[in-house]
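Student: here is my input; please provide its structure:
(2 chains)
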Amino acid sequence: MNAYWVGVLGTGAIAFGLKFLGYSIPEKYLTNPRMLRINTLIPIALLSALVGVQTITEKGKWVIDQRLAGVAVALIALSLKAPYFVVVISAAITSAVMYRVR
Amino acid sequence: MSRVNRATVTQSLSVSFTVGLYGIAFGAASIAAGFSFLQTCLLSLITFSGASQFAVIGVMGAGGSALSGIATASLLGTRNMLYAMRMAPLLKVRGFKKFIAAEVTIDESTGVAIGQEDLGVDSMKHGFWLTGIGVYIFWNFFTVLGALGAQAMGNPSAWGLDAAVPAAFLGLVWPRLLGNFERALAASALIVAVLLSPILGAGLPIITTALLAVVFGWKVRQ
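Tutor: Now for the predicted structure:
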């Protein structure tokens, strides 16, 4: 078995194991008010972090490019209460146009 | 289960398709990094977590060891465990369903689920399953296309996919940012993750912001 197979199977096993573990934690630990509150806030923090990282970093470096323009347009669309797919499409179009004219 | 809300279906499908499309980039990148067609498909079928998959092919393609590839990918995968902890009391799954729920617990399915909170618990569940399974199907389908040499599409940036994905996530958290409390958390998480990126590399900065959620959630909200 070469290194690539070890990488593929190892990554897959751990990725699934982590997800499964999250569902196996006894409910009593997850239902106390403080845990419930923190648990509700965690996706908000992680998804917001993800937005920042995917918009202005690349491989651990700060990169300002067409993505920022795209996400800025998405932000405007959201504040104008645009439907979800309009938000995503407008970001994609903006970014693609910026990428091509650059 | 009750009737499925149309808005939930629309959102689930747009997220599934947008994110799934990125599978083309993964499939092509994985082949370019030296993984076989079968290995590329298995990464999408089993690991099913875009960030982790890109990490392992990125590290190993650049000459890194299997161990460092697995470690980086797993670090990125730990947030799925936190998502699972959030989804567990909502889904209350057992046996085979727990197995499937675990596999499709990712950024998108969790994001759509919490985005439906105003529509009720049933809509949150529908959002989770529709998006989880939807992304799974599209992601694997497009991985195959990418691996089979869809380089014809070229750089995903040229199609705006690089901005569509963060915009999709922004659209998912947006409905949850009604109060100043949530907005402050979101803004600090975003800033902290971006500031930490050059120091901690990929993966760690995102998971670190879970600590912010703990700090914000610790004291009772006003």
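
Student: helices of chain B, residue ranges please.
Tutor: Remark: helices assigned in chain B by DSSP state H are B:6-21, B:23-32, B:37-42, B:50-61, B:66-91, B:95-103, B:107-115, B:121-147, B:161-173, B:180-200, B:204-208, B:210-218.

Student: want to throw the ones you listed into a markdown table with mean neighbour count, distance to residue A:50 and mean pLDDT?
Tutor: C-betas here are computed from N, CA, C, even on glycine. Output for the helices of chain B, formatted as a markdown table (neighbours: other CB atoms under 10 Å in any protein chain shown; distance: least, CB to CB, whole Å; pLDDT from 0 to 100):
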| stretch | mean neighbour count | distance to residue A:50 | mean pLDDT |
| --- | --- | --- | --- |
| helix B:6-21 | 20 | 12 | 92 |
| helix B:23-32 | 22 | 17 | 82 |
| helix B:37-42 | 18 | 24 | 95 |
| helix B:50-61 | 24 | 8 | 83 |
| helix B:66-91 | 22 | 9 | 89 |
| helix B:95-103 | 16 | 20 | 96 |
| helix B:107-115 | 27 | 6 | 94 |
| helix B:121-147 | 22 | 15 | 95 |
| helix B:161-173 | 28 | 5 | 82 |
| helix B:180-200 | 18 | 8 | 94 |
| helix B:204-208 | 21 | 6 | 81 |
| helix B:210-218 | 18 | 12 | 92 |
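
Student: mind putting the ones you listed into TSV with distance to residue A:29?
Tutor: Putting those into TSV (distance: least, CB to CB, whole Å) gives the following:
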stretch	distance to residue A:29
helix B:6-21	29
helix B:23-32	35
helix B:37-42	33
helix B:50-61	25
helix B:66-91	9
helix B:95-103	17
helix B:107-115	19
helix B:121-147	20
helix B:161-173	25
helix B:180-200	22
helix B:204-208	20
helix B:210-218	14
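
Student: for these, which one sits closest to residue A:65?
Tutor: Of all the helices of chain B, helix B:161-173 sits nearest to residue A:65, with 8.2 Å by CB to CB.

Student: that closest one versus helix B:50-61: what angle between them?
Tutor: Using axes from the mean of the first three to the mean of the last three CA atoms, to 10 degrees, the inter-axis angle of helix B:161-173 relative to helix B:50-61 is 150 degrees.

Student: could I have the CA atoms of helix B:161-173 written out in CSV?
Tutor: Output in CSV follows, covering the C-alpha atoms of helix B:161-173 (Å, rounded to 0.1, in the frame of the first residue of the first chain):
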residue,chain,number,x,y,z
LEU,B,161,-17.0,30.0,-8.1
ASP,B,162,-14.3,31.2,-5.8
ALA,B,163,-16.6,34.0,-4.6
ALA,B,164,-19.8,32.1,-4.9
VAL,B,165,-18.8,29.7,-2.1
PRO,B,166,-18.0,32.3,0.6
ALA,B,167,-21.1,34.3,-0.6
ALA,B,168,-23.1,31.1,-0.1
PHE,B,169,-21.9,30.8,3.5
LEU,B,170,-22.5,34.5,4.1
GLY,B,171,-26.1,34.1,2.9
LEU,B,172,-26.5,31.2,5.3
VAL,B,173,-25.3,33.0,8.5
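
Student: quick check: domain ranges of chain B?
Tutor: Domain segmentation of chain B under automatic domain parsing yields B:6-174, B:177-222.

Student: among those domains, which is nearest chain A?
Tutor: Chain A lies closest, by CB to the nearest CB, to one member of the domains of chain B: domain B:6-174, at 2.3 Å.

Student: can you give me the end-to-end span of the closest one?
Tutor: 19 Å (CA to CA, to the nearest Å).

Student: any weak-confidence spans in chain A?
Tutor: For chain A, applying pLDDT under 70 flags the ranges A:1.

Student: grab the longest helix from it for me.
Tutor: Per DSSP H, chain A has its longest helix at helix A:33-56.

Student: send the alpha carbons of that helix over as CSV?
Tutor: Provided in CSV are the C-alpha atoms of helix A:33-56 (Å, rounded to 0.1, in the frame of the first residue of the first chain):
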residue,chain,number,x,y,z
PRO,A,33,-28.7,25.8,28.8
ARG,A,34,-25.1,26.9,28.6
MET,A,35,-24.1,24.1,26.3
LEU,A,36,-27.1,24.7,24.1
ARG,A,37,-26.4,28.4,23.9
ILE,A,38,-22.7,27.8,23.0
ASN,A,39,-23.7,25.0,20.6
THR,A,40,-26.0,27.4,18.7
LEU,A,41,-23.3,30.0,18.5
ILE,A,42,-20.5,27.7,17.2
PRO,A,43,-21.9,27.4,13.6
ILE,A,44,-22.3,31.2,13.5
ALA,A,45,-18.6,31.7,14.5
LEU,A,46,-17.2,28.9,12.3
LEU,A,47,-19.2,29.9,9.2
SER,A,48,-18.3,33.6,9.6
ALA,A,49,-14.7,32.6,10.0
LEU,A,50,-15.0,30.6,6.8
VAL,A,51,-16.4,33.5,4.9
GLY,A,52,-13.4,35.7,5.9
VAL,A,53,-10.9,33.0,5.2
GLN,A,54,-12.4,32.1,1.8
THR,A,55,-12.7,35.7,0.8
ILE,A,56,-9.3,37.2,1.7
